[in-house]
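Undergrad: quick one: sequence and predicted model below, then my questions.
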Amino acid sequence: MSVLDRSRTREGHEDGEALRDTVRLAQDLEALGYHRIWVSEHHGVPGVAGSAPTVLAAAVASATRTIRVGTGGVMLPNHQPLVVAEQFGVLESLFPGRIDMGLGRSVGFTDGVRKALGRDKDDADDFSGQLAELLGWFRDTSPTGVRARPAEGLTVPPFVLAMGEGATIAAQAGLPMVIGDLRNREKMQRGIDHYRAAFRPSPWASEPYVVISGTIAVAATPEAAHRLLLPEAWSMARSRTQGTFPPLPPAERVEDLTMTDKERGFYESGLTGHIAGTEDQVAHELETVIKETGAQEVLVTTSTYDRNALLDSYRRLARVAGLSPA
């Protein structure tokens, strides 16, 4: 049982506070017995402070002792593979045996961001080649004669975020994959089945390893768990209708909003398909989805305005999953 925290910003709070919250959350998750915490990469998004995942991962790892720390993920088309290898080489050298390298194939979300990054949409098309080059820097297989210091010879477990063609790429490369979301179980299951059927063993993984990801909210009552979902659902609805992904508002403000029909449609859609409820309800639903998918790991991606309620949800989920507190 692991967590991806996107360093979501809240209304009335600065970006720096969101980043510090991620570090504090990592310490709490470690104490609760979670396996790993990952951070994400977003550029130019008002609602997300996490733009430099390897930098934030270093801060998280330095503030914790045992929990694994990684990225969910570094968007490889935005970067030169050598630089990514060097960054993870530094992380692994500083925090040996605790670093994960989660990798995605998305490019900047808008034309302005892509221009600022010096990238375009087509850069995602060579993700397989970029991935092979990146892994090669750890194995000294570069034809240039350049050596990746201090990455060469280190083992940093790579994961592929299986969006779209990601399942095929992960299988062909023989890498663990992360697939979501829980809202579309049929599509997720097709991706998992394809990945397992096409998997080729590699030096990085001898057999398929599946991580399923999605929102899980646990509270004392079903109503309280449902309210945890409101801020993120509204932010998603705004992004779909206004083109901007805003900071999270309090649940009570969302409940009082007057929405257009279009906004209401996206908002209500954003509230469906998640795992949310009391501990008993979540235990049953979680057991069902793990049996259906055969996943080895669950990566929880819940975001909400109320930090205390979010931590309480993770505390309850730890009990549901039978985690052993540190």
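TA: Received it, and whenever you're ready, just let me know what you need.

Undergrad: just the C-alpha atoms of stretch 187-200, please, in PDB.
TA: Taking Å, rounded to 0.1, in the frame of the first residue of the first chain, the C-alpha atoms of stretch 187-200 are listed here in PDB:
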ATOM      1  CA  LYS A 187     -10.300  -0.500 -19.300                       C
ATOM      2  CA  MET A 188      -7.800  -1.000 -16.500                       C
ATOM      3  CA  GLN A 189      -8.300  -4.700 -16.600                       C
ATOM      4  CA  ARG A 190      -7.700  -4.900 -20.300                       C
ATOM      5  CA  GLY A 191      -4.500  -3.000 -19.900                       C
ATOM      6  CA  ILE A 192      -3.300  -5.300 -17.100                       C
ATOM      7  CA  ASP A 193      -4.200  -8.400 -19.100                       C
ATOM      8  CA  HIS A 194      -2.300  -7.100 -22.200                       C
ATOM      9  CA  TYR A 195       0.700  -6.200 -20.000                       C
ATOM     10  CA  ARG A 196       0.900  -9.700 -18.500                       C
ATOM     11  CA  ALA A 197       0.500 -11.500 -21.800                       C
ATOM     12  CA  ALA A 198       3.100  -9.400 -23.500                       C
ATOM     13  CA  PHE A 199       5.600  -9.200 -20.700                       C
ATOM     14  CA  ARG A 200       9.200 -10.000 -21.500                       C
END
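
Undergrad: tell me the buried residues in it?
TA: Residues of stretch 187-200 classed as buried by neighbour count (16 or more other C-beta atoms under 10 Å): 188-189, 191-192, 195, 199. No exception for glycine: its C-beta is placed from N, CA and C like everyone else's.

Undergrad: same check, this time on stretch 303-319
TA: 303-306, 309-318.

Undergrad: of the buried residues of stretch 187-200, closest to residue 45?
TA: Set against residue 45, the nearest of these by C-beta to C-beta is residue 188 (24.6 Å).

Undergrad: tell me how far the closest one lies from residue 293.
TA: For residue 188, the distance to residue 293 (C-beta to C-beta, to the nearest Å) stands at 7 Å.

Undergrad: same check on residue 316?
TA: 22 Å.

Undergrad: avg pLDDT for stretch 46-64?
TA: Across stretch 46-64, pLDDT averages out at 96.

Undergrad: cool, stretch 105-122 as well?
TA: Per-residue scores along stretch 105-122 average to 73.

Undergrad: stretch 300-319 too?
TA: Mean predicted confidence for stretch 300-319 is 98.

Undergrad: who touches it?
TA: Applying C-beta atoms under 8 Å, 6 or more residues apart in numbering, the contact partners of stretch 300-319 are 1-4, 6, 8, 10-11, 21, 25, 28-29, 32-34, 180-181, 213-219, 224-225, 228-232, 248-251, 279, 282, 325.

Undergrad: try 7 Å
TA: Outside of stretch 300-319, the residues within contact range by C-beta atoms under 7 Å, 6 or more residues apart in numbering are 3-4, 6, 8, 10, 21, 28-29, 32-34, 213-219, 228, 231-232, 248-251, 279, 282.

Undergrad: now do stretch 10-18
TA: Counting by C-beta under 7 Å, 6+ apart, 7-9, 49, 247-249, 305 sit against stretch 10-18.

Undergrad: again, only this time at 6 Å
TA: By C-beta atoms under 6 Å, 6 or more residues apart in numbering, the surrounding residues in contact with stretch 10-18 are 7, 9, 49, 247-249, 305.

Undergrad: buried among those residues? Need that as a selection in PyMOL.
TA: To isolate the buried subset of the contacts of stretch 10-18 in PyMOL, counting by 16+ other C-beta under 10 Å, use the following:
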select buried, resi 7+9+49+247+248+249+305
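
Undergrad: now tabulate the contacts of stretch 10-18 in TSV and tack on secondary structure and distance to residue 171.
TA: Below are these laid out as TSV (DSSP: H, G, I helix; E, B strand; the rest coil; distance: C-beta to C-beta, whole Å):
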residue	secondary structure	distance to residue 171
7	coil	30
9	coil	36
49	coil	33
247	coil	37
248	strand	35
249	coil	40
305	coil	38
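
Undergrad: and which of the contacts of stretch 10-18 is nearest residue 205?
TA: Closest to residue 205, out of all of those and judged by C-beta to C-beta, is residue 7, at 28.6 Å.

Undergrad: quick one, what contacts the residue lying closest to the closest one once chain neighbours are set aside?
TA: Take residue 7 and drop its neighbours on the chain: the residue closest to it by C-beta to C-beta, 6 or more residues apart in numbering is residue 50, 3.6 Å away. The contact partners of residue 50, by C-beta under 6 Å, 6+ apart, come to 6-7, 39-40, 56.

Undergrad: among the buried residues of stretch 303-319, which lie within helices?
TA: 309-318 (DSSP state H).
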